[in-house]
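# coordinates only, no sequence provided:
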C-alpha cells in the first residue's frame, strides 16, 4: 500500500520526507524503534518521543505538533493511536475464512446457516440455531439449540455457545470461551447441595469481544447480559445474571460474581474481582487486583490490594497487620495519657 | 403443569387465592418482581418480603409464616429455596440428549459404551474407557484410555477426561473442564526443570459438579480426589493430589495448590487460594479473595484481603503499609517514654 | 524392572537389603509411607526422614548419608528428587500415541505432517502448518495456518495453536491451552473501543510446558516469546508481547500483563500477577499471591498480599487499614508533643 493510499484510508495529511515519493510502498506495521523503511509506525505516547528522531520506519503516524521533528515521512492525524488501530486492520495477517460449511461439520437439519456464513471442520450446530450472514463458526466449535450468532460475528476454534444464547452482530468470541454454561446455584438441604437448574440464557451485544477461556454463565432466571461494544479479555469469569454496561472493558483474570451490575464505560483492571449483587456506576475505573466488595455510586478511580516488597521487609510489615487494631487502640490510649499529662503539667 | 400437580411434586400445601382454580397452569419460574400469572416464584430471603405484596406471579413458594401476606396463590413449604431448586428441575429448558453414538464420534473398539448412553458428534472415546448407562459425552469431548464416566454423569461439549480418571454417578463436568492433565511437578537439575511424570489419576465422586474451564490435575503418585457431592465453579485450579471432602463447594477463580486437603462441608469463596500441603478442617468457610497460607484446625469463618477505596485514599494508606513495622516500633518507644515521663513526674 | 536395571538407568549405587536379590522386580513408584515391596520410593525432603525407618517399599532413592538408616534396599544418588523424576519417566503410564493421521482429522493439503508424527481424531491442521517428526497433535486440536509444532512436541487433546505461532522441540502444550489468541488491544475513540488487530505471533521455545486452559496471546507487533525450558502451569494468562526468560517457572492462576519481561530462572508463585511493561531481573522468586507493580532490578525473593485470620479478627484489622495514614500522622503528632513535653520538663 502506497503512502498516498494510506493517507487516504486513514484520513491523514501526508508530509513526505525529502526525496520520498507518495508511491513509496508500506507493507506492515512496527514500532518506532524497530520500524523499517517499508513499515508504518506511530507516536501516541509522548514518552516515546525520543525514539522519533532515530526511527528508520517508512512513515510515522503523528499529531501535527510532532510532525516537524519527524525525520521520515509523516502522516498527520488528530489521534495517532486510533489511526494505528485502523492501520492494523489494513495489514491484518489473520487467515481468511472460507465461506460455506465444511463437510466434517455437523449441522442439525433444523439449524439455519446463512449461505454467506462459514462453518469450519468439526463444528457442531444444533437444532434451531441460526448462523447469520458473514458469521463464522471455527473448527470444533459448538453452537447449542436455539442459539444465534449474528451477522459478521465470529466464534474462534473451540468456542462454545450453549443453548438459548444470543450473540449480536460483529462480535468476536475467542477460542475456548464458554458462553452459557450453568450458573453456580445450589440450595442447601441436610448439608447437601441441591442443584438449581439455570433457566436463563446469555445475551451478548453487538461488537462485543470475549477472550480465550473466558466463561459467561447463563442466568438462573432471566439472562446474563453483555452490553454493546464490551471488550472482555482472557480467563474472565462472568457469573449468572451479571449485567455489563455498553462499552465497558474487562482485563484478564477478572471474576464478577452473580447478579453484579457493571455500568457503561467502565474499565476493570486485570485480576479485579467484583462481589455478587453489587452495582458499579457508569464510568468507573477499577484498577488491577482490586476486590470490589460493595456498590460504587459515583464515577471515579477505585483501588485495592497492597504493594509488594522484598520478602523480608514484607514479612515484617505483614505480621504487624494482625496487630493493627491493637496498635490503633494503643495510639488512642497514648493520646489520652499525653493529654492528661499536659493538663496536670499546666496546672 | 397445574398448581395442584406442582403442590404434589414439591410436597407443598396449596393455598389458592380467591377465584383461582387448582388447575391453573404454571409454565415457568421467575422472581417476585418479574413474575407473571403463568409463573411460579419464591420468597426465601426475608429482605425480599416487600416484593411479595405486589407480585403478579401465578403462585409463590413461601413458608407458612408469610403465606397470609401473599396476594396470589401460595405453595407453603418448610424451605422455599429448596422447593425452588426442585421446581427448577421441573422447568429445566436444557435440550434433551439423544441416546446412542453419533456417527461422527470416534469410539475405540475396546471402549465400552452403554447402550443407554449418549455420545455426541466429534467426541473421542479411547480404549478401555467405560461410559455408563444414561451417561452422556458431549460434542467434541475426549475420554482417555481406561477412564470411566459413571451412570447418569454428563460431560458437556468440549470437556476432557484424561486417561485413568474415574467419574462417579450423576456428576456434571462442564464445557472445557480438563480432568487429569499433568500435575505441575519438576525437579531442578543444573538450573533446568526435569519433568516428574504424573503417574496418578483423578477420582471424581458421585453428584459432583465441575465448572467450565476448570482444571483438576492428575496426582503425581496416587490420585487427586474430589469427594461426593462437591460443587466446583468455573476457572478453578485443583492441583495434583489435592483432596476435597464431601459436599464442599468452591466458587470461581479459586486455586488450590498441590496436596492441600479441604475438609467436608467447606465453602471456599471466589478467588480464594489455598497453599500447597495445608489442611482445612471440616466445616470451614473461607470468604472470597482469601489466601489460606497455613492449616486451619477448627471450623469457622476465615478471611483475608483488604477493602478497596477511591484510589487517592487507598494510595495514602497503602504506602503506609511499608512503614507498618516502623510505626509499631515508634508506638512502643512512645509508650516507654511516656511511662518514664509519668514516673519522673510522680517523683 | 529389576533393582539392578534401575540402578543402571538412574546412575545409582545399589545397596541391597539382607536377603534381597538384585533381580527383585520394581513395578511402580510410591511414597515412603505407602510404598509396597514392588515399588520404588525416595527421600528428598529431610522432614520425611522419620518415614524411612518404617517404609515397606522395595527400594528407596536416598543420598549416601541416609542410606545406612534405610531398612530396605537403597539406591544411592546425589539428588534423590532428580533420580525420582527420572524414574517417573521409566514408569510413566500415559498411553502411547499412534503414529499417523487419524482418518477423521482434517489436514489441509498444503500442510506438512511428518510421516513419524501423530494426528489424532478430529484434529484440524491448516495450510502451511508443519508438524515435525515424533510430534503429536491430540484429539480435536487446532493448528492454524503457517504454524509449526517442532520435533517431539505434543499438543494434548483440545489444545489450540493459532496461525503464525511457532513451537520448538520437545514442548508439551496441555489440553485447552490457547496459543496465539488476539492480544487485548483497543484504541478509545468517542468512548468506543476500536480493535487493534494483533499482527504478531507467539514463539514457544524448546522443552517448554504450557498448562491446561492457559492462554498465551499473540503479539500486537512482534511476537510474544516463551524462552527455552520454561514451565507454565494451568490457567495462566500471558498477554501480548510478554517475554519469559529461559528456564523460568510460573505456577497456576498467574496473570502477566502486556509487554512485561520476566527474566531467566525466575519462579512466579501461584496467583501472582505482573503488571504491564515491568521488567523482572533474572533469578527472581515471586511468592504466591504477589502483585508485582513495578520493575525488579536485582535477584531476590519478593512477596505481597496479607495473612488471613478468623473473620472477626480480620475485620477488626482490615477496617483499620483505611485509617492507616491518619494513624501515621497521629503517631508523628504524639512524638512531637512528647518531645516538647520532655523539653519543657527539662527546663
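Ah, there it is. Small disclaimer: the values here were computed from a predicted structure and weren't measured.
# angles on the backbone of residue A:326, please.
phi -60, psi -40 (degrees, to the nearest 10).
# gap between it and residue B:38?
Per C-beta to C-beta, to the nearest Å, residue A:326 is found 59 Å from residue B:38. All C-beta atoms are positioned from the backbone trio N, CA, C, and that covers glycine.
# which stretches of the stretch 1-150 of chain A form helices?
Secondary structure of the stretch 1-150 of chain A (DSSP state H, counting those that start in this stretch): helices at A:3-10, A:64-67, A:80-90.
# and of those helices, who's closest to chain C?
With C-beta to the nearest C-beta, the closest approach to chain C among the helices of the stretch 1-150 of chain A belongs to helix A:80-90: 3.9 Å.
# in the closest one, what's buried?
A:80-88, A:90 (16 or more other C-beta atoms under 10 Å in any protein chain shown).
# now that helix: average pLDDT?
Mean per-residue pLDDT for helix A:80-90: 96.
# what's the closest non-adjacent residue to the residue in chain A positioned nearest to chain C?
Nearest residue of chain A to chain C: residue A:308, at 3.5 Å (C-beta to the nearest C-beta). In this structure, residue A:308 finds its nearest non-sequential neighbour in residue C:304, 3.5 Å apart by C-beta to C-beta, 6 or more residues apart in numbering or on different chains.
# try residue A:228
residue A:205 (3.9 Å).
# give the contact list for the one you found.
A:168, A:171, A:225-230, A:246 (C-beta atoms under 8 Å, 6 or more residues apart in numbering or on different chains).
# out of those, who's nearest chain B?
Using C-beta to the nearest C-beta, residue A:225 comes nearest to chain B of those, at 14.2 Å.
# am I right that the closest one sits in a strand?
Yes: under DSSP: H, G, I helix; E, B strand; the rest coil, residue A:225 sits within a strand.
# related to what we said a few turns ago, any idea how far residue B:85 is from the residue nearest to residue A:228?
Residue A:205 is 31 Å from residue B:85, by C-beta to C-beta.
# and for residue A:337?
58 Å.
# hmm, residue A:264 is touching residue A:230, no?
No: between residue A:264 and residue A:230 there is no contact under C-beta atoms under 8 Å: 9.2 Å.
# between the two, which contacts overlap?
Here residue A:264 and residue A:230 have A:245-248 as joint contacts, going by C-beta under 8 Å, 6+ apart.
# so of the residues you listed, which ones are in strands?
Using DSSP state E to define strands, no part of these is located there.
# and which of these is nearest residue B:25?
Closest approach to residue B:25 among the shared contacts of residue A:264 and residue A:230 (C-beta to C-beta): residue A:245, at 36.8 Å.
# burial check on the closest one, number of neighbours?
Residue A:245: 23 surrounding residues under other C-beta atoms under 10 Å in any protein chain shown.
# same check on the one 10 residues further on?
Residues lying near residue A:255 (other C-beta under 10 Å) number 30.
# check the one 4 residues further on too.
As a burial measure, residue A:259 scores 19 neighbours (other C-beta under 10 Å).
# name the element it belongs to?
Under DSSP states H and E, no helix or strand contains residue A:259.
# got a list of what it touches?
A:239-242, A:276-277 are the contacts of residue A:259 under C-beta under 8 Å, 6+ apart.
# do you know the pLDDT at it?
Looking at residue A:259, the pLDDT reads 97.
# give me the phi and psi angles of it.
When read as degrees, to the nearest 10, the backbone of residue A:259 gives phi 70, psi 10.
# now residue A:332
Torsion angles at residue A:332 (phi, psi; degrees, to the nearest 10) stand at phi -60, psi -40.
# ditto for the one 4 residues further on
According to degrees, to the nearest 10, the main-chain angles of residue A:336 amount to phi -60, psi -50.
# for it, grab the count of nearby residues.
Neighbour count of residue A:336, defined by other C-beta under 10 Å: 10.
# again with residue A:313
14.
# derive a PyMOL selection command for the buried subset of the contacts of residue A:259.
In PyMOL, this line selects whichever of the contacts of residue A:259 come out buried by 16+ other C-beta under 10 Å:
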select buried, chain A and resi 239+240+241+242+276
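# biggest separation within the contacts of residue A:259, which pair?
Of all pairs in the contacts of residue A:259, the most separated under C-beta to C-beta is A:240 and A:277 at 11.6 Å.
# intersection of neighbour lists for these two?
Shared contacts of residue A:240 and residue A:277 (C-beta under 8 Å, 6+ apart): A:258-259.
# so who does residue A:112 touch?
A:128-131.
# repeat that for 7 Å
Counting by C-beta atoms under 7 Å, 6 or more residues apart in numbering or on different chains, residue A:112 touches residue A:130.
# now the residue nearest to residue A:122 when sequence neighbours are not counted: how far from residue C:297?
Nearest residue to residue A:122, sequence neighbours excluded (C-beta to C-beta, 6+ apart): residue A:140, at 4.2 Å. Using C-beta to C-beta, one gets 45 Å for the distance from residue A:140 to residue C:297.
# got it, and residue A:53?
28 Å.
# and if you look at residue A:103?
Separation of residue A:103 from residue C:297 (C-beta to C-beta): 57 Å.
# more neighbours, those two?
Taking neighbours as other C-beta under 10 Å, residue A:103 and residue C:297 compare with residue C:297 leading, 10 against 7.
# which residues touch that one?
residue C:281.
# and it, what pLDDT?
97.
# could you do residue A:347 as well?
pLDDT, residue A:347: 57.
# again, but for residue A:8
pLDDT, residue A:8: 97.
# relative to residue C:295, how far out is whichever residue of chain A sits closest to chain B?
When you check chain A against chain B by C-beta to the nearest C-beta, the closest residue turns out to be residue A:304, at 3.5 Å. Distance check for residue A:304 against residue C:295: by C-beta to C-beta, it reads 22 Å.
# looking at these two, which is more packed in?
A direct count of neighbours by other C-beta under 10 Å for residue A:304 and residue C:295 places residue A:304 higher, at 24 against 13.
# quick one: the more buried one and residue B:306 touch, right?
Yes: Residue A:304 is within contact range of residue B:306, at 5.8 Å (criterion: C-beta atoms under 7 Å).
# residues contacting residue A:60?
Contacts of residue A:60 by C-beta under 7 Å, 6+ apart are A:41-43, A:52, A:70, A:72, A:74.
# which two in those residues are spaced the farthest apart?
Taking C-beta to C-beta, no two of the contacts of residue A:60 sit farther apart than A:42 and A:72, at 12.3 Å.
# who has more neighbours out of those two?
Using other C-beta under 10 Å as the criterion, residue A:42 and residue A:72 rank with residue A:42 on top: 26 against 19.
# now do the contacts for the most centrally placed residue in chain A.
Closest to where the C-alpha atoms of chain A average out (C-alpha atoms, centre = their mean) is residue A:232, at 3.2 Å. Shown in contact with residue A:232 (C-beta under 7 Å, 6+ apart): A:209-211, A:214, A:250.
# kindly recompute the last result at 6 Å.
A:210-211, A:214, A:250 (C-beta atoms under 6 Å, 6 or more residues apart in numbering or on different chains).
# next: residue A:315.
Per C-beta under 6 Å, 6+ apart, neighbours of residue A:315: none.
# and the pLDDT at it?
Per-residue pLDDT puts residue A:315 at 95.
# can you check residue A:279 too?
With respect to pLDDT, residue A:279 scores 98.
# again with the one 4 residues further on
On pLDDT, residue A:283 comes in at 98.
# could you give the number of residues near it?
Around residue A:283 there are 16 other residues, counting by other C-beta under 10 Å.
# in this structure it contacts residue A:262, no?
No: contact criterion C-beta atoms under 6 Å: residue A:283 and residue A:262 do not qualify, at 11.0 Å.
# which bits of the stretch 201-347 of chain A sit near chain B?
Counting by C-beta under 6 Å from any C-beta of the partner chain, the stretch 201-347 of chain A comes close to chain B at A:213, A:215, A:221, A:237, A:255, A:257, A:273, A:290-292, A:300-304, A:306-307, A:316-317, A:320, A:327, A:330, A:334, A:337.
# quick check on these: which are buried?
The neighbour-count test (16+ other C-beta under 10 Å) applied to those identifies A:213, A:215, A:221, A:237, A:255, A:257, A:273, A:290-292, A:302-304, A:306-307, A:316-317, A:320, A:327, A:330, A:334, A:337 as buried.
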